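S.K.: Fold the stuff below for me.
(one chain, ligands or ions: 1)
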Amino acid sequence: MSLGVSGLSVTKAQKLILSKVSFTAPSGQVTGLIGPNGAGKSTLLAALLGLTPATGTAHFHGLDLPAMPRRDRARQVAFVEQSAATEERLSVLDVVALGRIPFEAAWQSAPSPEDDAILAAALGETGMTGFAHRRFNTLSGGEQQRVHVARALAQQPRLLLLDEPTSHLDIRAQLQLLALLRRKAAEGMTVLLALHDLNLAVRFCDHLVVLDAGKLAAQGPPSAILTPALLEAVYGVRARLVADAPTGQPLIVYDDAVERISAQIPD
Ligand SMILES: Nc1ncnc2c1ncn2[C@@H]1O[C@H](COP(=O)(O)OP(=O)(O)OP(=O)(O)O)[C@@H](O)[C@H]1O
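M.R.: Next up is the predicted model:
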């Protein structure tokens, strides 16, 4: 069962931010949501979660996601926000334990042994075990980002949405996170993440959804859709998708001369 989005539109301050966007994020795959700054990626993720008013539909496993009661939706979908405010005095373990709240019984005051095992696994998968008892607000930006991923994993979602989860991560941590998302997808989780780095997108995503100025520009397997014409039309850069000679790995090569890019910078 995939995530199916149909005719999704969002208007803010009388401006059409998303215009009839329709796409599919296949089940058990990693789908990358790409597009330039302001294309509408964060707005789209918020609309899927009912966090911003929208028209159109978003169905997952037959569930009308935006319309679901919040607690019910949180048992299906976890969201890693671009920058999430978190209570300053919480420990890392407390923050990750927030992921179990949708599953707690009303009378439950502490995590169950099963919850403890889930929290330990989420910390382990994100490399944050050694930070469990640190105060969250003493962590670096990249460490905080990994804790937010751990909280989302503790939710054991069937659908995982992430908004630029690699933005604060060093290159090794970026590769580790994307490898982790691939493992989760292989286990059956449907993953949709907004990304800027096209090289990470082509290497780790099975499927891409390209937004441009609030509209769907393309969707499909990276190698099929990331043509020079699309990259020029959407990003205004000259770029090609090539296969790295020794490994065959897909790579985006940017051909623009520095002079041409400089000439495009607005005054
Ligand atoms: N409250 C608002 N009023 C008017 N315009 C808004 C409002 N909120 C967002 N926008 C505009 O909607 C557009 C889409 O924003 P959004 O944050 O979804 O883009 P994005 O693709 O996630 O961008 P980025 O890659 O820079 O994070 C932007 O042009 C933004 O300025």
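S.K.: Going along the chain, name the strands of the protein.
M.R.: Using DSSP state E, the strands of the chain run over residues 3-12, 15-25, 30-34, 55-60, 63-64, 77-80, 159-163, 190-194, 207-212, 215-220, 239-243, 250-254.
S.K.: Turn the ones you listed into CSV, columns for mean neighbour count and distance to residue 49.
M.R.: Heads up, the C-betas are built off the backbone N, CA and C, glycines and all. CSV is the format used below for those (neighbours: other Cβ atoms under 10 Å; distance: least, Cβ to Cβ, whole Å):
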stretch, mean neighbour count, distance to residue 49
strand 3-12, 18, 12
strand 15-25, 18, 14
strand 30-34, 26, 14
strand 55-60, 18, 9
strand 63-64, 14, 12
strand 77-80, 24, 6
strand 159-163, 24, 7
strand 190-194, 26, 11
strand 207-212, 24, 16
strand 215-220, 17, 19
strand 239-243, 15, 31
strand 250-254, 15, 30
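S.K.: Tell me which stretches of the stretch 1-150 of the chain form helices.
M.R.: All helices of the stretch 1-150 of the chain, identified by DSSP state H, counting those that start in this stretch, fall at 41-48, 70-74, 92-97, 113-125, 141-154.
S.K.: out of the ones you listed, which comes closest to residue 222?
M.R.: helix 41-48 (16.4 Å; Cβ to Cβ).
S.K.: angle of that closest one against strand 15-25?
M.R.: Angle, helix 41-48 to strand 15-25, by axes from the mean of the first three to the mean of the last three Cα atoms, to 10 degrees: 70 degrees.
S.K.: can you tell if helix 41-48 touches the ligand?
M.R.: Yes. Helix 41-48 is in contact with the ligand by Cβ under 6 Å from any ligand atom, via 41, 42, 43.
S.K.: Can you dump the C-alpha atoms of that helix in PDB for me?
M.R.: Provided in PDB are the C-alpha atoms of helix 41-48 (Å, rounded to 0.1, in the frame of the first residue of the first chain):
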ATOM      1  CA  LYS A  41       8.200  20.700   0.000                       C
ATOM      2  CA  SER A  42       7.700  21.600   3.700                       C
ATOM      3  CA  THR A  43       4.200  22.900   3.000                       C
ATOM      4  CA  LEU A  44       3.400  19.600   1.300                       C
ATOM      5  CA  LEU A  45       4.600  17.500   4.300                       C
ATOM      6  CA  ALA A  46       2.600  19.700   6.600                       C
ATOM      7  CA  ALA A  47      -0.500  19.300   4.500                       C
ATOM      8  CA  LEU A  48      -0.200  15.500   4.500                       C
END
